[in-house]
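Trainee: Just a sequence and a predicted model for now, questions to come.
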Amino acid sequence: MMKFSVALLLLVGVAILGDCSHGATYTQDDYRSFIKTCGKILRTSSETYQKLKDKDFSENSELYCLIRCVGIRTGFYDDESGTDWERVKEHYAERPGLSEYLKAAQECNAALNPVDYTDDYCKKSFLYFDCAMKAHDLYLKS
């Protein structure tokens, strides 16, 4: 089994982004399991796993679908409502910078235009994840 450095999650979001030692709902092993299960369901290629490990989020629909699956399985994301902000707050409850993170990520999400992803749910999920990742790096990264 390929080892992953989990830096996620929000949405997937939080799974790939977060340090799981700060009030997390899941452990890093849980996130590895979510990634593995989603990868099996989606028949994810080894190249895509490597992109995830390398945090190479360049245009890749297979990676976007993996991110979507993890976000849905963790409960941080769904296609109808997007990011579950209550779950995010629970995940990062003790972290300094939480309010700034939430504001930046939510503003980024609000600025997303459906034209950018049309009916591509994987891309939509990735765009939400990308907002969370950028806000995380600005306000929550240790």
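Mentor: Noted; the coordinates are in hand. Numbers count the residues shown, from 1 in each chain.
Trainee: use CA for all of it now, contacts and neighbours both
Mentor: OK.
Trainee: Surely F76 is in contact with E90?
Mentor: No: counting by Cα atoms under 8 Å, F76 stays clear of E90, with 10.6 Å between them.
Trainee: For those two, indicate the residue with more neighbours.
Mentor: Set F76 next to E90 and count neighbours by other Cα atoms under 10 Å: F76 wins out with 25 against 13.
Trainee: What pLDDT is listed against that one?
Mentor: As predicted, F76 sits at a pLDDT of 93.
Trainee: do the one 10 residues further on as well
Mentor: Reported pLDDT at E86 in the predicted model: 93.
Trainee: Spit out the contact partners of L127.
Mentor: By Cα atoms under 8 Å, 6 or more residues apart in numbering, the residues touching L127 are N109, L112.
Trainee: That one in helix, strand or coil?
Mentor: Following DSSP: H, G, I helix; E, B strand; the rest coil, the label given to L127 is helix.
Trainee: okay, now S125: neighbour count?
Mentor: 27.
Trainee: Report the contact partners of it.
Mentor: Counted by Cα under 8 Å, 6+ apart, S125 has contacts L11, Y64, C65, I67, R68, G71, Y77, D79, G82.
Trainee: pLDDT weak spots in the chain?
Mentor: 1-25, 142 (pLDDT under 70).
Trainee: Buried members of the contacts of S125 into PyMOL, please.
Mentor: Buried residues among the contacts of S125 (16 or more other Cα atoms under 10 Å), as a PyMOL selection:
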select buried, resi 11+64+65+67+68+71+77+82
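Trainee: Dump the contacts of S125 to JSON lines, plus distance to K36 and secondary structure.
Mentor: Below are those laid out as JSON lines (distance: Cα to Cα, whole Å; DSSP: H, G, I helix; E, B strand; the rest coil):
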{"residue": "L11", "distance to K36": "16", "secondary structure": "coil"}
{"residue": "Y64", "distance to K36": "15", "secondary structure": "helix"}
{"residue": "C65", "distance to K36": "13", "secondary structure": "helix"}
{"residue": "I67", "distance to K36": "12", "secondary structure": "helix"}
{"residue": "R68", "distance to K36": "13", "secondary structure": "helix"}
{"residue": "G71", "distance to K36": "13", "secondary structure": "helix"}
{"residue": "Y77", "distance to K36": "18", "secondary structure": "strand"}
{"residue": "D79", "distance to K36": "21", "secondary structure": "coil"}
{"residue": "G82", "distance to K36": "23", "secondary structure": "strand"}
